[in-house]
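K.L.:
for reference, the sequence and a predicted model appear below.
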Amino acid sequence: MRQHRHSGMAPCPTCGERSDKLRCEADVPATATPSNMADLVRDAALRAVFGGSPARRAVLRSLGTATALAILDTVMPIGTLQAMAEDRAKPEKGELTIGFIDITCATPLCVADKLGFFRENGLDVELVRTPSWAVISERLSSGAYEASHVLTPQPLSMTLGLRGAAQPMALSLVQNTNGDSITLALKHKEKRDPRSWKGMTFAVPFEISMQNLLLRYYLAEHGIDPDRDVTIKPVPPPEMVANMKAGILDGFLAPDNAAQLAVHSGAGFIHLLSKEIWDGHPCCGIGMQPVMIKDAPNTCMAIARALLTAAAHASKAANRKAVAEIVAERKYINCPREVAEAVLTGEFDDGLGKHWSVPNRIDFRPFPYHSMAVWMLTQMKRWGFVKDDISYKDIAEKVFRAAEAQKLFKEAGLEVPASTYARHVIMGKPFDADQATSYLDGFAIKRG
């Protein structure tokens, strides 16, 4: 809420008081941080006893804020309420190290850092650019990072021990939805039919990633076996464009800053946005060890509040250009401003002479639906990453912390999904998490 100021001894338009105080005590601070908790508690108490805004203003005009609070203090001491609130909100760990990969998917982390949303929630965060997803896994497992930017399938993979020792991991929030593209080298501009892609070499950021699962799905829907008809290999996104220029890669499915950089540098063109495969698909998220959630719940809630605020800010069309300037900075994504702007605003050239306007090319919808995790697990099973039979829902509900997210959304005044399971549509085909096994059995091309 925008705070107003008293102007000298003139009556305040909100509370009616005449005061030389800089800020009206009837204001509600925008964020419940330790520095403004007293104001929040006072206002909450006034609202609870004296009702909504008109009634409260009438009381304050007739009694004055100090007198009204003195009356309240005889029922429940305001100091006690404040102490209770501050105790609940104070993070157990104030100093944190959080890792990120320099891609536009990390936008909420960059915004929360740049605009001070971590500080407003009582956190001193060191945001560390990390060279690879493998290093992210290692530092999360070792505790070097209290939390980190992760690929949304990554906590599932780590929990199952698919590429190393099993390490329980949790995904607290989704960072971004959509935000990836299939990009092809310019020499393939006449090969728009995926059925003509046999023999090509493609890159994805990491073996078990949303990008790999989506690329495999897309290829298989066009009759291309992703393990036999093409080569798919992991390549760090910052290296993809150079590899494409060198003729090593024919294409990639990767975060949109890499895709747009290929266009910007004349190396390639955007064949397809990932939202055309699954509109609203999760891409990256925030991962942490379950013990962190257990031992430092206030800290985890503070991280989540900061990122929810950042996601809401980045989602607004009016903020997208300014957000692009933030993420393009050297300390964050370190890319040309026009590349970041093309991704964030959805106003972009495709490398073939056409301009597109797609406002939700990348979006920031943070709820970690269990059904998203179930879909990922079906695809991990489909391609042989998961060898054994598993209980899809049990694993999804263990790793994706949707129940905690529901509570957080309610506290933040956001619309709370009625269910942690949703119906998704991938390339025109509906996915029902209750029918995961039959869904998997229905694919003609699969390994598992």
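P.N.:
That came through fine. Residues are numbered from 1 along each chain as shown.
K.L.:
find the centremost residue of this protein, please.
P.N.:
The structure's the chain has its C-alpha centroid closest to Gln175; by C-alpha atoms, centre = their mean the separation is 0.9 Å.
K.L.:
name the helices or strands packed onto the helix or strand encompassing it?
P.N.:
Using DSSP states H and E, Gln175 sits within strand 170-178. Counting contacts by 3 or more C-beta pairs under 8 Å, 6 or more residues apart in numbering; DSSP states H and E, strand 170-178 packs against helix 107-114, strand 147-151, helix 154-160, strand 282-288, helix 290-295, helix 297-315, strand 362-363, helix 402-411. C-beta coordinates here come from the backbone N, C-alpha and C atoms, glycine included.
K.L.:
report pLDDT for Val416.
P.N.:
Here the pLDDT value assigned to Val416 is 95.
K.L.:
can you classify it by secondary structure?
P.N.:
Look at Val416: counting by DSSP: H, G, I helix; E, B strand; the rest coil, its state is coil.
K.L.:
distance check, the closest residue to it other than its chain neighbours against Val125.
P.N.:
Using C-beta to C-beta, 6 or more residues apart in numbering and skipping the chain neighbours, the partner closest in space to Val416 is Phe409 (4.6 Å). Phe409 sits 22 Å away from Val125, taking C-beta to C-beta, to the nearest Å as the criterion.
K.L.:
between the two, which is the more surrounded one?
P.N.:
Taking other C-beta atoms under 10 Å, Phe409 and Val125 do not tie; Val125 has more neighbours (22 against 18).
K.L.:
just to revisit the earlier point, what's near enough to touch the residue nearest to Val416?
P.N.:
Neighbouring residues of Phe409 by C-beta atoms under 8 Å, 6 or more residues apart in numbering: Leu308, Phe367, Glu415, Val416, Pro417.
K.L.:
again, 10 Å this time
P.N.:
With contact set as C-beta atoms under 10 Å, 6 or more residues apart in numbering, Phe409 has these partners: Ala304, Leu308, Pro366, Phe367, Ala402, Glu415, Val416, Pro417.
K.L.:
redo those as CSV? Include neighbour count.
P.N.:
Output for the contacts of Phe409, formatted as CSV (neighbours: other C-beta atoms under 10 Å):
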residue, neighbour count
Ala304, 24
Leu308, 22
Pro366, 25
Phe367, 21
Ala402, 24
Glu415, 8
Val416, 14
Pro417, 14
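K.L.:
nearest to Val327 among those?
P.N.:
Proximity of the contacts of Phe409 to Val327 (C-beta to C-beta) peaks at Pro366, which lies at 16.9 Å.
K.L.:
count of neighbours near the residue lying closest to Ala302 once chain neighbours are set aside?
P.N.:
In space, and not counting its chain neighbours, Ala302 is closest to Asn121: 4.0 Å by C-beta to C-beta, 6+ apart. Neighbour count of Asn121, defined by other C-beta under 10 Å: 25.
K.L.:
for the nearest residue to Ile362 once chain neighbours are set aside, give its distance to Asp363.
P.N.:
Excluding the flanking residues, the one nearest Ile362 by C-beta to C-beta, 6+ apart is Gly179, at 3.5 Å. For Gly179, the distance to Asp363 equals 7 Å [C-beta to C-beta].
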